[in-house]
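[1] Fold the following and give me the result.
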Amino acid sequence: MGVIVDTSIWVDVERKRLVHTELAERLGDEPVYLAPPVIAELEYGVNRARTPAQRNKRAAALAKIRKKPCLIIDRETGELFGRIAAEADRGGRKPSQHRVHDLWLAALAIQHGFRLLTQNPRDFRDIPGLELMLLAGD
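    Prediction:
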């Protein structure tokens, strides 16, 4: 088993709204994997920082996170993404820019049989086959 950690959790760790030990406790011994959409969102945050100090703080947090193994988006991921996005459209939920990132995370988690740790379950609950993990418990 493995876990992909959603962007908002990494942001809360960086902002010290979530203590790293709390995250480690919740994850236990499960291996943690990065996903390209999470890296993209965090890198976006680095490059949109308002001050050099904020940019440096975000860049330092991202450098620590980058030590985790990163999954690769491949053909199978793309096929899963397409099916998930079409299902979301049929359900009346059109993908916004941020929703597209969520769908890529879901596709990667389903492809690899991993759980997705998030603080935003409503962003993912309509995705069949996705196993969510919440900070407060499942």
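[2] Keeping just the C-alphas, turn stretch 66-74 into CSV.
    Output in CSV follows, covering the C-alpha atoms of stretch 66-74 (Å, rounded to 0.1, in the frame of the first residue of the first chain):
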residue,chain,number,x,y,z
ARG,A,66,10.9,16.5,-3.1
LYS,A,67,12.9,13.8,-1.2
LYS,A,68,9.9,11.5,-1.5
PRO,A,69,9.6,9.3,-4.5
CYS,A,70,7.5,10.8,-7.3
LEU,A,71,5.0,8.8,-9.4
ILE,A,72,5.0,9.2,-13.1
ILE,A,73,2.0,10.1,-15.2
ASP,A,74,2.0,7.5,-18.1
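[3] got the buried residues for it?
    Using 16 or more other C-beta atoms under 10 Å as the test for burial, stretch 66-74 gives 68, 71. Placement of C-beta: from N, CA and C, glycine included.
[4] swap in stretch 58-67?
    58, 61, 62, 65.
[5] Name the residues that touch that stretch?
    With C-beta atoms under 8 Å, 6 or more residues apart in numbering as the contact definition, stretch 58-67 has outside contacts at 10, 13, 14, 34, 39, 42, 43, 45, 46, 49.
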